[in-house]
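J.: Provided below are the primary sequence and the corresponding predicted coordinates.
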Amino acid sequence: MREILRTTDVTDLSDRDIPPMFLEVVERGWSLTAAGGRVLTDLRPEAPGTYVDRLTEETTVNGRGMIDYDLPAAPDKRTPLLVRRCLAYVCACLRKAQEEFGDTQVKAYVSLSFADTEEALLTSNVTFCTPLPDVRPYIPGLEAVTDAAVAEISLEDCSAWA
């Protein structure tokens with residue numbers, strides 16, 4: 001992921017980089033679940049689910065694959081657009097989380113991997129969670145992940161890209 005971020009122009013991210021459906025999620029903001037989970041309001045299921053812990057609730061509710069059907073297949077064109085799209089969404093959501101909760105505890109996780117299809121196009125997933133001292137990390141050994149490019153992003157990270 002470091003190499004992808006190093007070689008992709010991620011300056012001047014804005015709402016224009018976010019697909020309309022995801023921009024609606026950003027605009028509707030955050031809320032708390034009965035268990036105290038921090039979730040994006042627009043992604044909450046109609047019927048509350050049962051989760052092992054808050055981490056599982058947050059990552060399950062907040063996690064989505066980023067829209068990419070409209071992006072070119074050529075990796076040199078697809079990768080920068082997909083990365084910008086993910087980071088713009090992440091930063092907008094993290095800013096809203098700070099407004100809602102008054103802190104910067106929510107973290108974003110962006111993963112990039114190749115689809116298990118004949119075309120093997122680069123795809124991405126984005127989720128959010130609040131690391132808790134009594135719960136295992138969302139991705140233990142983040143630096144050791146080898147089957148995807150993964151980044152943990154905080155609101156502080158976003159200041160370099162906005």
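T.: Yep, it's here.
J.: Low-confidence ranges, this structure, go.
T.: 162 (pLDDT under 70).
J.: And the residue nearest the centre of it?
T.: Val126 (2.8 Å; CA atoms, centre = their mean).
J.: Surely that one forms part of a strand?
T.: Yes. Applying DSSP: H, G, I helix; E, B strand; the rest coil, one finds Val126 inside a strand.
J.: my guess is it meets Tyr89, correct?
T.: Yes. Val126 is within contact range of Tyr89, at 6.2 Å (criterion: CB atoms under 8 Å). C-beta coordinates here come from the backbone N, C-alpha and C atoms, glycine included.
J.: ok, and the closest non-adjacent residue to Asp9?
T.: Pro80 (6.5 Å; CB to CB, 6 or more residues apart in numbering).
J.: which parts of the helix or strand harbouring the one you found are buried?
T.: Pro80 is part of helix 75-101, with elements assigned from DSSP states H and E. Neighbour counts over helix 75-101 (16 or more other CB atoms under 10 Å) mark 78-80, 82-94, 96-97 as buried.
J.: still on that earlier bit, verify the stated contact: the residue nearest to Asp9 with Thr11.
T.: No. Shown here, Pro80 and Thr11 do not form a contact pair, counting by CB under 8 Å, at 11.6 Å.
J.: check contacts around the residue nearest to the centre of the chain.
T.: Gly63, Arg64, Met66, Cys86, Tyr89, Val90, Ala108, Tyr109, Val110, Ser111 (CB atoms under 8 Å, 6 or more residues apart in numbering).
J.: Run through the helices of the protein in chain order.
T.: 2-7, 20-28, 54-62, 75-101, 155-158 (DSSP state H).
J.: I'd like these as TSV, with distance to Glu46 appended.
T.: Listed next are those as TSV, based on distance: least, CB to CB, whole Å:
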stretch	distance to Glu46
helix 2-7	36
helix 20-28	15
helix 54-62	12
helix 75-101	21
helix 155-158	30
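J.: Many thanks, I have nothing further to ask.
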